[in-house]
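Peer 1: Sequence first, predicted model second:
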Amino acid sequence: MLTLKATRISWDKGNSGASPHLPIRYHSGAVHAKEHVVVNDQFPNWEVKGDFQAPSARGTWPAFWLTGANSWPPESDILEFKGDNRNWSNTFRTSSDVSSSSVGVSSPGSWHTYRAWITKVNSTDVDIHYYLDGKWIAKHTGKNFAGKPLWVIINLQMEGSSGSPGPAAETVYRARNVYIGRTRA
């Protein structure tokens with residue numbers, strides 16, 4: 001089991017380097033997979049899944065996602081809570097072209113399985129099917145995803161899109177049974 005912790009700090013750490021340059025108030029963690037997911041002719045189908053206990057209090061922002069290793073977008077958010085009990089499945093094709101689906105999750109802090117099944121549909125595009133606890137919840141098309149290496153990331157951010165102020169107490173985000181698989185053409 002992987003446990004990521006976020007701890008509120010009491011000293012001035014400065015501001016975030018990204019707009020809107022919010023103050024840094026937490027130390028938290030992230031894990032990037034060593035290898036990339038690359039949907040291509042050789043491996044046209046990928047499964048990315050894991051079991052997670054995700055915090056959902058205001059100011060917490062846990063995620064399990066894929067993002068371009070060499071450029072952004074592409075991005076696919078398999079698990080993303082932004083300060084409440086809704087999980088967001090997002091597929092960014094450009095900064096202004098995004099498909100988003102959200103579903104309320106009963107007790108996000110209990111174990112739930114989040115999964116994406118990614119399939120190459122033509123020379124540039126993929127279909128991404130999102131699942132929660134084995135139930136299909138959305139399908140998005142990822143334009144210009146094929147052939148682009150993607151990082152697999154598990155991270156716990158705080159505040160930002162999840163609201164302020166964040167929790168004063170230590171926040172934990174747990175993962176287990178993370179699986180990344182592919183099939184040959």
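Peer 2: Yes, it's here. Numbers count the residues shown, from 1 in each chain.
Peer 1: mind listing what's buried in stretch 162-177?
Peer 2: Ser162, Gly163, Gly166, Pro167, Thr171, Val172, Tyr173, Arg174, Ala175 (16 or more other C-beta atoms under 10 Å). Using the backbone N, CA and C atoms, a C-beta is placed for each residue, glycine as well.
Peer 1: can you pull out the strands in this protein?
Peer 2: Counting by DSSP state E, one finds strands in the chain at the ranges 2-8, 26-27, 30-32, 45-53, 60-68, 75-80, 86-92, 98-104, 112-120, 126-132, 135-142, 150-158, 171-183.
Peer 1: what would these look like in CSV with distance to Val38 and mean pLDDT?
Peer 2: Supplementary listing: these in CSV, determined by distance: least, C-beta to C-beta, whole Å; pLDDT from 0 to 100:
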stretch, distance to Val38, mean pLDDT
strand 2-8, 24, 97
strand 26-27, 32, 94
strand 30-32, 15, 96
strand 45-53, 9, 98
strand 60-68, 11, 97
strand 75-80, 13, 98
strand 86-92, 17, 96
strand 98-104, 21, 95
strand 112-120, 10, 98
strand 126-132, 11, 98
strand 135-142, 13, 97
strand 150-158, 7, 97
strand 171-183, 9, 97
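Peer 1: could you dump these to a markdown table with distance to Val39?
Peer 2: Output for the strands of the chain, formatted as a markdown table (distance: least, C-beta to C-beta, whole Å):
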| stretch | distance to Val39 |
| --- | --- |
| strand 2-8 | 25 |
| strand 26-27 | 34 |
| strand 30-32 | 18 |
| strand 45-53 | 6 |
| strand 60-68 | 10 |
| strand 75-80 | 11 |
| strand 86-92 | 13 |
| strand 98-104 | 17 |
| strand 112-120 | 5 |
| strand 126-132 | 5 |
| strand 135-142 | 8 |
| strand 150-158 | 8 |
| strand 171-183 | 9 |
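Peer 1: Identify whichever of those lies nearest to Ser16.
Peer 2: strand 150-158 (10.0 Å; C-beta to C-beta).
Peer 1: Is Glu80 in contact with Thr67, as I believe?
Peer 2: No: with contacts counted by C-beta atoms under 8 Å, Glu80 stays clear of Thr67, the gap being 11.7 Å.
Peer 1: Looking at those two, which is more packed in?
Peer 2: Glu80 (22 against 18; other C-beta atoms under 10 Å).
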